[in-house]
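Colleague: coords please:
(3 chains)
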Amino acid sequence: MHNTRFLTQEFEYFVPHTLSEALDLLFTYQDKRTKILAGGTDLLVKMKTLGIGVDYLININEISEIKNVELDKGLKIGAAVKLSQLEKMKAVKEEYPALYEGITSMAAIAIRNMATLVGNICNASPAGDTIPPLVVYGAKLRIVSKKGERVIPLEDFISGVGETILKRDELVSQVIIPEPYKDLGSAFCKKGRVKADIAKINLAVGIERDGDICRDCRIVLGSVFSKTLRAYKSEEILRGKVIKDDLIISAAKRAAEEIKPIDDVRSTAEYRNELARVMVEDTLHIAWERAGGKRW
Amino acid sequence: MEKEQYDFIGQPLEIKNIGKVTGKELYSSDINIPGQLYAVILRSPHAHAEIKKVDYSEAVKVGAVCIGPQDVPEIIYNERIVSIPEKTYRDRTVLPKEKVRHKGEALVACAAETEEKAWAALQKIKIEWGKQWKPLLTLEKALSDDAPPIYDWVYLGEEKLKVKNNIACERNIEVGDVEEGFREADIVIEKTFHTQRVYHMQFETKSAVCVPEADGGITVWTTSQGIHNVRILLGNIFNLPLSKINIKRITLGGSFGSSIQMNSITPICVALALKAKKPVKLVSSREDDFYDHAKYPLKTILKVGVKKDGTFTAAHCRVWVEIGGHNIQAYPYLGCVAGWFASLYKWKNIKYEGTAVYTNKVPTCAMQGYGNPQINFAVESMIDILAEELKMDPINLRLKNYVGKGDEFWGQGPTVRSIIRSCGVEEMLLEGAKLAQWEKRVPHYQKKEVIRKGMGVARGFHTSGTGGPNPGEVIDYSGATIKINEDGSVDVLTALMDLGGGTWDALAKIVAEVLKVPFEKIGIYNGIDTRSTVFDVNTHATRGVYCGGGAVKFVAEKVKEILLNYAATLFKDLPENLVLSCNKELGQAIIYPREIPENYKTIGEIAEYAHTTSWGTLAYTSTLRQKNCPPCFITHFVEVEVNTRTGEVKIPRVVIMGDSGTIINPNLWEGQIIGAFSRGLGFGLLEETDYHPEDGSLRCKGLVTDYKIPTTLEMPKIEDIIVRSAHTYEPTGPFGAKGIGEAALSSVGPAIANAIYNAIGIRFYELPITPEKILKSLQEKEENLRKRRGE
Amino acid sequence: MKKMEIEFILNGKKRKIEVKPNDLLINIIREDLYLTGTKYGCGLGECGVCTVLLNGEPVLSCLTLAITVDGKEITTIEGLAQGDELHPLQKAFLKNGAVQCGFCTPGMILTATALLRENPDATEDEIRNYMRGNLCRCTGYVQIIKAIKECTSIKNKGLTN
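Modeller: Numbering: from 1, shown residues only, chains lettered A, B, ... in the order given. Okay, the predicted model is just below:
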């Protein structure tokens, strides 16, 4: 058994003030158990409950380069930007409603004052609430290391439960969200045991509307597989079609068939299958209306 | 009875315990003693295993003080000593000697200069395990013939008993002839109900600080609902005279029954401090706490016979409780369940069979109601089932059969009974129905919407204390010392705990009312311990105001008598010619000769005179046992909205009617009722501590992350929780008051279940009613309909 | 493990202390600085009873390393009253019966101060939503929400005049 009253790990602590300092540290200690401290709301929980080992801890909260959000043809969100900072931005609420809904569905205000968007991504939980919306918006990650940088789609970043493709000397410095298509409608939905819980299921959808037609769409679900899952076959049902109720119903049904949920302490696979169908259906309706589409 | 005009009783006074909003209030975990060591506990990784050897030598080498099974006294005890000794089962020692009986059972403890150091030392302990058994986690498994015995023998009083089939104790009661009763009935229905294990989730985890004193005694601060019982137990276990043990009365960060018994960590902390010869502080982690206590679950098979006109003829009630690895007063629990069952309705003939069964799970204990919400769920669900069968309004069926004024109430099982003298049941059902707009309720089969509304009613009660004309099996008395200080302010010394419900505020008001001293001048909140107080049994059984308040009223009246007698010598008059009243402008109690108010003296002046003339202190000490156990009644009207696509339930509105006789403090009374409703909501819809079937671990791992309780967003809004009081007066209570605390929870669960039935036509026999269960049942219902239609 | 010196403002006063990198803020506040109004509830940021204000924003001291508050400002429940004058929220909690066992109260009040600063005219729904991470087992929240509502600016003007 563990004890959540204190930390037992003994580590060396660094608080770099520039990104290059941080990358130097990561490079130097890449063969050790080196962890990045952003919000700490996942890291410290894992240190307490899973006892994960830490030899070196790098606090990135004092690096000014990554504390900003750039508003320029989309959003560029630095790795030390707190979730509560994002939910207070008009641009997030208006242009990226699914992301706004995802963030505000999360935990307590105190957690959102601590936690970062990049942290939520790097934690790579199948239930991460910001991941489905970010996939819907086609977000990319800027990954930097002492050796250089690369930009990769978020969809390719997470490889399993708590696992990413991040190398040991690398750090995600920024989330890049492109400007949304002009008639994009998007929405997020989550069900928990109580409001503001870890999701039984969470999902985000985005529909790009061209007249009555769905030009393109994304349906992304969480807590139904070892990582966030795109319901490609369901998307296929809608893509390029005139949107009608029955089409949305069959897309929702298909999405429920694509997921692979499990029984766990939060819910059952059986319930999740059923719930996914209802949630996808409802959220597609909301997204379509937000895209300016008519409701039948 | 004519209601008196009160100066303080019933006035909406502010909470006076200011420390709770400034952070200055001290709880056990806030006590720091210079030089103290911090303790942590090693808990069993196995659910049922033989302990061969505990070796903590490596931990000692790194500077820790350790205790293991070999170090604790041989005394076998029950951590709750509310029953008389010959009716008390005993099965445990401070740490288990031969084997562990549930996962997470405390096994070894270490103390060091910091918690981290103690924890590091703990990792060095080696345990050699002997035989291990697959954990027995259900009633059926534990009762089966091939089940390994969790105990070979236990004690009942001084008698050593062999344990058969893991049955911890049994209780059977028969009144009248049920078979005859069922023969008289037109309809007989039998159903099986289950209520689950719930975790108390009191916010302060169980904590203790123990200081070994120079004279060989100990001073202890610990999470407790009754400090005198803790002292008696520690005296017994550690073979110390009670005069050398002092337990401090200290504020509790919630309890809900989880500190009715002496907490398991308290004697562990004492044993460590005695061994270390240093102060030791032990604060449980949340995981420790999850593995320490839970609410008694209940399986009930209830069979009821009723005539066509709605008159009951018989009820047969069989209950089973799986109590976990220790017996913390399951015997009185079974008695109480019988009592709640017998006192809800006039069944005419009763047969009750109760069985408590050991399992390899966390030991269960009282949690707001001591079996009442559990059996109420069965009975109040059954009343609705019967009403539908009889085509009667559920309210009318309740009105026809309820146990009320003039009837006998079983306040604490079959041996503690008294006659009901105040009863608001009828008023609450009828007025509540109006407020809830009961007449607009439509049957479930007329509802076709996606989101279906429903309304349900259920009623319940709890006893106010465990007094009665005869002593019975339960110890119940309270006491106080009250003294008028040299400036006319008043000290009230009582061991009675305030669990957060405002008991101390209520007691202060009662004393203020008797002595006419302003509430602000009553000192009651701190500086109390076992040494300075006479015995008080516990804050349990909703007895704080009725029994504790009764005792302080009794003592305050004695002080008043002393005061008036003394004042009479100053006024050169007879005491009966003097008037004691409160002068609000002066902020003082005053005394004057009848008809001559201008000749008043303040009691400050009188007390000062008594002091300067060396007359002495105006004070009195005594104890009181209440001779009744009046029920405080409750009725819940709950509205639900069931989403038939997701199975989610929302509670948009609720009407709650309470009957506590005179209400001492309306704000806090309402707070008790609303708070209980939130816990009832958790019990009805959300909460359960379930176990991993293989290793007997908690599926939530002892983490709040996966044990959800209602948040602000699950509760109805301010204007949608309507709380009203019945107009009653309890002639045996202090200023006409009864209790409220546990009553307020008793009928929330069935009211929700009845409302869900009214919404979707599905009866749930098991709590909690989760969206998963609802959706599954809706699908099965749909499937059955399709089959019936031949699709 | 080596101790490091940090300097921060605690309830308006500059403090210089030595901490280990793995010391949690909650334990430093409670056990080293003897401000025991900040409570341990779950240790995982799930209950809100350890809430303190960091530069005015509610954070959870059970998930905060003490070393990271170097150069920052911390307010605990003990720092809220101005001398003997209670904060309006503290008064409203007492008046409305919003306190039972009192264990969640410090965190509740601190979170509410941030809410009212951010949104002085908060509606009941906004209060409920903002406060959702501060759990209470005793009260059922209703009287807490009432107390906070009473302190929203419109009502508050009426109260103080």
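Colleague: mind listing what residue 81 touches?
Modeller: I'll assume chain A. By C-beta atoms under 8 Å, 6 or more residues apart in numbering or on different chains, A:Val81 lies in contact with A:66-69, A:116-118. Just so you know, the C-beta spots here come from the backbone N, C-alpha and C atoms, and that holds for glycine as well.
Colleague: the chain in question should be chain C.
Modeller: Contacts of C:Ala81 (C-beta under 8 Å, 6+ apart): B:22, C:87, C:90.
Colleague: switch the cut-off to 6 Å
Modeller: B:22, C:87 (C-beta atoms under 6 Å, 6 or more residues apart in numbering or on different chains).
Colleague: biggest helix in chain C, by residue count?
Modeller: For chain C, the longest helix by residue count, based on DSSP state H, is helix C:105-118.
Colleague: contact residues of the stretch 1-150 of chain A facing chain B?
Modeller: Residues of the stretch 1-150 of chain A that fall close to chain B, judged by C-beta under 6 Å from any C-beta of the partner chain: A:1, A:3-6.
Colleague: just these: which are in strands?
Modeller: In strands, defined here by DSSP state E, there are no members of the residues of the stretch 1-150 of chain A next to chain B.
Colleague: tally up the residues packed near whichever residue of the stretch 151-300 of chain B sits closest to chain A, please.
Modeller: Nearest to chain A in the stretch 151-300 of chain B, going by C-beta to the nearest C-beta, is B:Ser285, at a distance of 4.5 Å. When neighbours are counted by other C-beta atoms under 10 Å in any protein chain shown, B:Ser285 registers 25.
Colleague: please tell me how far the residue most central in space within chain C sits from C:Leu80.
Modeller: In chain C, the residue lying closest to the centroid (C-alpha atoms, centre = their mean) is C:Leu110, at 2.8 Å. Distance, C:Leu110 to C:Leu80, using C-beta to C-beta, to the nearest Å: 7 Å.
Colleague: now the closest residue to chain A within chain C: closest residue in space, sequence neighbours ignored.
Modeller: Going by C-beta to the nearest C-beta, chain A is nearest to C:Gly133 of chain C, at 1.9 Å. Among residues not flanking C:Gly133 along the chain, A:Ala108 sits closest, at 1.9 Å (C-beta to C-beta, 6 or more residues apart in numbering or on different chains).
Colleague: now B:Gly130: which helix or strand?
Modeller: Per DSSP states H and E, B:Gly130 falls inside strand B:126-132.
Colleague: dump that strand to CSV, keeping only the CA atoms.
Modeller: Provided in CSV are the C-alpha atoms of strand B:126-132 (Å, rounded to 0.1, in the frame of the first residue of the first chain):
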residue,chain,number,x,y,z
LYS,B,126,9.9,-8.7,7.1
ILE,B,127,6.8,-10.8,7.5
GLU,B,128,6.8,-14.5,7.3
TRP,B,129,3.4,-15.8,6.2
GLY,B,130,2.0,-19.2,6.9
LYS,B,131,-1.2,-20.6,5.4
GLN,B,132,-3.2,-18.4,3.1
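Colleague: show me what the next helix or strand after that strand is packed against.
Modeller: The helix or strand immediately downstream of strand B:126-132 is helix B:139-143, counting by DSSP H and E. Counting contacts by 3 or more C-beta pairs under 6 Å, 6 or more residues apart in numbering or on different chains; DSSP states H and E, helix B:139-143 packs against strand B:350-358.
Colleague: now chain A against chain C: closest residue?
Modeller: Closest point on chain A to chain C, by C-beta to the nearest C-beta, is A:Ala108, at 1.9 Å.
Colleague: so what's C:Glu78 closest to, chain neighbours aside?
Modeller: C:Glu78's closest residue in space is B:Gly23 (C-beta to C-beta, 6+ apart), at 4.6 Å.
Colleague: OK, contacts around that neighbour?
Modeller: Applying C-beta under 6 Å, 6+ apart, the residues near B:Gly23 are C:37, C:77-78, C:106.
Colleague: residues near residue 223, how many?
Modeller: No chain was given, so I picked chain A. 29.
Colleague: not quite, I wanted chain B
Modeller: Taking other C-beta under 10 Å as the criterion, the count of residues near B:Thr223 is 29.
Colleague: where's it relative to B:Pro73, distance?
Modeller: B:Thr223 sits at a distance of 22 Å from B:Pro73 (criterion: C-beta to C-beta).
Colleague: look at the residue nearest to C:Gly133 and report its pLDDT.
Modeller: The model reports A:Ala108 with a pLDDT of 96.
Colleague: ramachandran angles for it?
Modeller: As for A:Ala108, its main-chain torsions (degrees, to the nearest 10) stand at phi -90, psi 160.
Colleague: so which helix or strand takes in B:Ile482?
Modeller: strand B:478-484.
Colleague: counting by contacts, list what that strand packs against.
Modeller: On a contact count with 3+ C-beta pairs under 6 Å, 6+ apart, strand B:478-484 meets strand B:490-493, helix B:549-571, strand B:618-624.
Colleague: burial of the residue of chain A closest to chain C, as a residue count?
Modeller: 27.
Colleague: circling back: so what's the residue nearest to the centre of chain C up against?
Modeller: C:51, C:53.
Colleague: what does B:Ala366 give?
Modeller: Contacts of B:Ala366 by C-beta under 6 Å, 6+ apart are B:257, B:260.
Colleague: could you check how far it is from B:Ser725?
Modeller: 26 Å.
Colleague: repeat that for C:Lys95.
Modeller: For C:Lys95, the distance to B:Ser725 - C-beta to C-beta - is 20 Å.
Colleague: these two: which is more packed in?
Modeller: B:Ser725 (21 against 18).
Colleague: list the beta-bridge partners for the more buried one.
Modeller: B:Gly658 (DSSP bridges).
Colleague: how much space separates it from B:Ser422?
Modeller: Taken as C-beta to C-beta, the span from B:Ser725 to B:Ser422 is 12 Å.
Colleague: in what helix or strand does B:Ala753 lie?
Modeller: Assigned by DSSP H and E, B:Ala753 falls within helix B:748-760.
Colleague: hmm, who's touching that helix?
Modeller: Looking at what lies outside helix B:748-760 - C-beta under 6 Å, 6+ apart - the contacts are B:373, B:376-377, B:380-381, B:384, B:444, B:452, B:454-456, B:458, B:636, B:638, B:640, B:642, B:677, B:680, B:683-684, B:763-764, B:767.
Colleague: and B:Arg25, how many neighbours does it have?
Modeller: That one is not Arg; residue B:25 is Glu. 24.
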